[in-house]
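**Student:** what's the 3D shape of this:
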Amino acid sequence: MVRIAFRALAVVILLGPLFAFLAVPGRAEEGADALYRITDIAVDIAAPTAAEARDKARTDAERAAFEQLLTRLGASNVSAASFQDKTIAALVRALDIEHETVLAGRYKGLLSVQFKPQAVQEILKDRHVMSATRAGPLTAVLPIVQGEPSVLWEEDTPWRQAWAASPSRAGRTPIVVPTGDLADIARISATEALKGDSGPLQTLAQAYHADEVAVAVLGPDHQHLEVTRYGADGQRRGTTTVETPGAPKATPPDLALRRNVAAIRRWLDAAPPSTTSEATIAPKEGKEGASDTPKAVSFSAEDKEPVVHLLVTVQLPNLAAWPQVRARLTRVVGVERIDLLTLVRGAAQVDLTFVGTLEVLRLACAEQGLGLGQAPGSGAWILWPGR
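**Tutor:** As a prediction, the model looks like this:
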């Protein structure tokens, strides 16, 4: 078990690097439900000793992972803050090290946490919390680079590589990226996918035993993305648009594409399984003060109010402040969902879903003692608790 491994490490700390017992990828039990595996948990802990930093990193990673798991399962009426550290630890099956840096009195790492499905469901049931018990629909993703001509199968584009590198079961919705062999080329073309031709889309879905097909289109400027969901019958189910009006110069292109993939996958996770009618809009290009943070905007057919996804960095005095800030955010009028992406000392990155305009969100945050604005230079959105 993970906790035993960490305690044993204290005895033999001079015999090898920190987390040596757990640094083997894939330590999670073979065949475990990937719905309960949370990856890419970043931790950065400073403490008087390396052992203390190690223990704190483990605890913080498990808590951050559990917060993400609750969001993934749709358990929106409960927070990880209401669970004790030992309770969360008892729900962990394995903790894997993806990357780590160990310094004197400091530990930085990227961790993955595998939870016990049955144990998680039992504790949520005991607290009368409704949650998902199974993964979403298997979705075949067609990554298209728009242009003259648009590219789907003709070459191995960075956009396709970013999707291929995304773990199949990283979220609630498992994905499969078609291989692009001669059979795929015969099944559907970029033009047919862009037009939403139901026949070829249905043929592709049947070939990969997929419940849905997602056509993910990257604009020629690499700053505009659009993804459309289709059912196994080839009928359209929904569309969202993502605008990235210029990432910071220091951002590697492959990292920017991976972040866009992650944003689209969160939308797929949150999308309803039944047929919906949505119309999409995109933020106006060239608007003063436009953020370089990916932002997805769509209109609900029912209420005609804009539903916005905004990546926000939450400034925190310490890790313990996150539950209080999250509680304030849940009380902000218009906020529908808060997806925690990373939680490290001093900051949390969240994907905020809200209904309304950015100005309305700013005013609503102020009512809860939260400031919302854009960082000078980069234009990234920042949220901070008031004094």
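**Student:** thought Ala162 was touching Arg258?
**Tutor:** Yes: judged on C-beta atoms under 8 Å, Ala162 makes contact with Arg258 at a distance of 5.3 Å. Just so you know, the C-beta spots here come from the backbone N, C-alpha and C atoms, and that holds for glycine as well.
**Student:** which one of those two has more residues nearby?
**Tutor:** More crowded of Ala162 and Arg258, by other C-beta atoms under 10 Å: Ala162, with 23 against 18.
**Student:** What strand or helix carries that one?
**Tutor:** In the assignment (DSSP states H and E), Ala162 maps to helix 158-165.
**Student:** Now that helix: buried residues?
**Tutor:** Across helix 158-165, burial judged by 16 or more other C-beta atoms under 10 Å covers 158-160, 162-163.
**Student:** Next secondary structure element downstream of that helix?
**Tutor:** For helix 158-165, the following helix or strand on the C-terminal side (DSSP H and E) is strand 175-176.
**Student:** That following strand packs against which elements?
**Tutor:** strand 139-145 (3 or more C-beta pairs under 8 Å, 6 or more residues apart in numbering; DSSP states H and E).
**Student:** Give me the nearest residue to Thr87, chain neighbours excluded.
**Tutor:** Leaving aside its sequence neighbours, Thr87 sits nearest to Ile123 (C-beta to C-beta, 6 or more residues apart in numbering; 7.4 Å).
**Student:** Convert the helix or strand the one you found falls within to CSV, retaining C-alpha atoms only.
**Tutor:** In the assignment (DSSP H and E), Ile123 maps to helix 117-126. What follows is helix 117-126, C-alpha atoms only, in CSV (Å, rounded to 0.1, in the frame of the first residue of the first chain):
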residue,chain,number,x,y,z
PRO,A,117,-13.7,2.7,-7.0
GLN,A,118,-15.9,0.7,-4.6
ALA,A,119,-14.5,2.5,-1.5
VAL,A,120,-15.1,5.9,-3.1
GLN,A,121,-18.7,5.0,-4.1
GLU,A,122,-19.4,3.7,-0.6
ILE,A,123,-18.2,6.8,1.2
LEU,A,124,-20.2,9.1,-1.1
LYS,A,125,-23.3,6.9,-0.6
ASP,A,126,-22.9,7.2,3.1
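**Student:** what helices or strands is the helix or strand containing Ile382 leaning on?
**Tutor:** Assigned by DSSP H and E, Ile382 belongs to strand 381-385. Secondary-structure packing of strand 381-385 (3+ C-beta pairs under 8 Å, 6+ apart): strand 306-315, helix 322-330, strand 370-374.
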